[in-house]
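A.B. asks: dropping the sequence and predicted coords here.
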Amino acid sequence: MGVKVVSTGSYVPDRVLTNFDLEKMVETSDEWITTRTGIKERRISEGETTSDMATEAAVRALKGRNPEEVDLIVVATATPDAFFPSTACKVQAKMENKRAIAFDVSAACTGFIYALYVADSIMRSKDVNKALVIGAERFSKIVNWKDRTTCILFGDGAGAVVLKKGEEEGILGFDLGADGSYGDLLYVPSVGSNEEFPFYVRMRGNEVFKVAVRTMVDSAIRVLEKTGISPQEIDLLVPHQANLRIINAVAERLGIDREKIFVNLNRYGNTSAASIPIALDEALREGRIGEGSLVLLIGFGGGFTWGSCVLRL
């Protein structure tokens, strides 16, 4: 018995916010943003909630299949519609599915890999045959649009995969980790905080860069060792889309050629838990990977959390 990704889907809002638009909002420039991050534009929700985007990505991933066939819905998000009910429950209702187990996972930008691990584990131990794993974020609502160090980075969107239990093994291995001592590097203050903007993203960029590169590389090495796969055997690296310099540094240390790295952050920015599933869906639609391809997913996020996964499609 194995668990396999059988289809993918993604959704991003229509509104495009370019670096030139940001030049009119804060003291920055297209050249400065592009040089330091690789980002040229990002998508911004105009009234669409996290569950709206998650539902659209899920419907696209199902590709016409009956939503009632889904036994499990796991949504990775740091920007839920509400404290409760969960975003997953809202997705379940919007798809008119009344039978699936539904809950959220919060691990910031590593959330999708954590959610994938949870869904995979449940499917192997329970009578769950089909699952939806979704990464969805509306970071535009927790960004301080007067803070030029963070508002340039984030965007909104959602990505989803359908997992199915069967004879073929498609999820070959995971490596997950966390270190809460790095929590003050990237965070959003809690309710009741005395800070001026209690619900806005805070980030210490230089420190995040160093920890992100190290933890992603170490996690990737561990999962490749567990699965007995060399970096050269990987057909495509799909990393969390946070910063092009981070992605290039990770790929270089792993010895993975540039042409085997999928990058779309230039168009979407950092969509947190949504970035990996959006990128995976686009890579499939563009023909960069297909049936039988070996794919390495790597992510890091506030917490600090990190994780990696090897898939055979």
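C.D. replies: Cool, got the structure. Numbers count the residues shown, from 1 in each chain.

A.B. asks: distance check, S230 against S272.
C.D. replies: Remark: distance between S230 and S272 (Cβ to Cβ, to the nearest Å) = 30 Å. C-betas here are computed from N, CA, C, even on glycine.

A.B. asks: so between those two, which is more surrounded?
C.D. replies: S272 (35 against 10; other Cβ atoms under 10 Å).

A.B. asks: phi first, then psi, for the more buried one.
C.D. replies: Dihedral angles of S272 (phi, psi; degrees, to the nearest 10) stand at phi 50, psi -130.

A.B. asks: my read is that it contacts R138, right?
C.D. replies: No - counting by Cβ atoms under 8 Å, R138 is not a contact partner of S272; they are 9.5 Å apart.

A.B. asks: which residues do the two both contact?
C.D. replies: T79 (Cβ atoms under 8 Å, 6 or more residues apart in numbering).

A.B. asks: so what's the residue count around D30?
C.D. replies: Neighbour tally, D30, other Cβ under 10 Å: 16.

A.B. asks: can you map out the strands along the stretch 201-313 of the chain?
C.D. replies: Applying DSSP state E, counting those that start in this stretch to the stretch 201-313 of the chain gives strands spanning 202-203, 236-239, 294-301, 305-312.

A.B. asks: nearest to A131, out of those strands?
C.D. replies: Ranking the strands of the stretch 201-313 of the chain by proximity to A131 (Cβ to Cβ) places strand 305-312 first, at 14.4 Å.

A.B. asks: residues making contact with that closest one?
C.D. replies: Residues contacting strand 305-312 (Cβ under 8 Å, 6+ apart): 4-5, 107-110, 113-114, 116-117, 169-178, 212, 215-216, 219-220, 222-224, 227, 229, 234, 292-300.

A.B. asks: swap the cut-off to 6 Å and go again
C.D. replies: Strand 305-312 is contacted by residues 5, 107, 110, 113, 170, 172-178, 215, 219-220, 223, 227, 294-300 when judged by Cβ atoms under 6 Å, 6 or more residues apart in numbering.

A.B. asks: ok, stretch 175-185 next?
C.D. replies: 204, 207-208, 211, 219, 222-223, 303-308.

A.B. asks: in it, what counts as buried?
C.D. replies: 175-178, 182, 185 (16 or more other Cβ atoms under 10 Å).

A.B. asks: out of those residues, who's nearest V133?
C.D. replies: L176 (14.4 Å).

A.B. asks: which neighbouring elements make contact with the helix ranked longest in the chain?
C.D. replies: Across the chain, the longest stretch assigned as helix under DSSP state H is helix 205-227. Packed against helix 205-227 by the contact rule (3 or more Cβ pairs under 6 Å, 6 or more residues apart in numbering; DSSP states H and E) you find strand 171-178, helix 244-254, strand 294-301, strand 305-312.

A.B. asks: what does it rub up against?
C.D. replies: With Cβ under 6 Å, 6+ apart, helix 205-227 has contacts from 172-173, 175, 182, 185-186, 246, 249-250, 253-254, 298, 300, 304, 306, 308, 310.

A.B. asks: try 7 Å this time
C.D. replies: Outside helix 205-227, the residues that touch it by Cβ atoms under 7 Å, 6 or more residues apart in numbering are 149, 172-175, 177, 182, 185-186, 230-231, 246, 249-250, 253-254, 296, 298, 300, 304, 306-310.

A.B. asks: before we move on, what about stretch 108-116?
C.D. replies: 74, 76-78, 105, 107, 133, 135, 176, 240, 242, 272-273, 275-277, 297, 299-303, 305-309.

A.B. asks: distance from that stretch to the middle of the chain?
C.D. replies: Counting by Cα atoms, centre = their mean, to the nearest Å, stretch 108-116 is centred 6 Å from the centre of its parent chain.

A.B. asks: likewise for stretch 238-247?
C.D. replies: 11 Å.

A.B. asks: how about it: buried residues?
C.D. replies: For stretch 238-247, by 16+ other Cβ under 10 Å, it's 238-244, 246-247.

A.B. asks: show me the helices in this structure, by range?
C.D. replies: So, for the chain - with DSSP H - the helices run 19-23, 30-37, 50-62, 87-94, 111-125, 205-227, 244-254, 265-268, 275-285.

A.B. asks: by mean pLDDT, show me the worst of these.
C.D. replies: Lowest mean pLDDT within the helices of the chain: helix 205-227, at a mean of 91.
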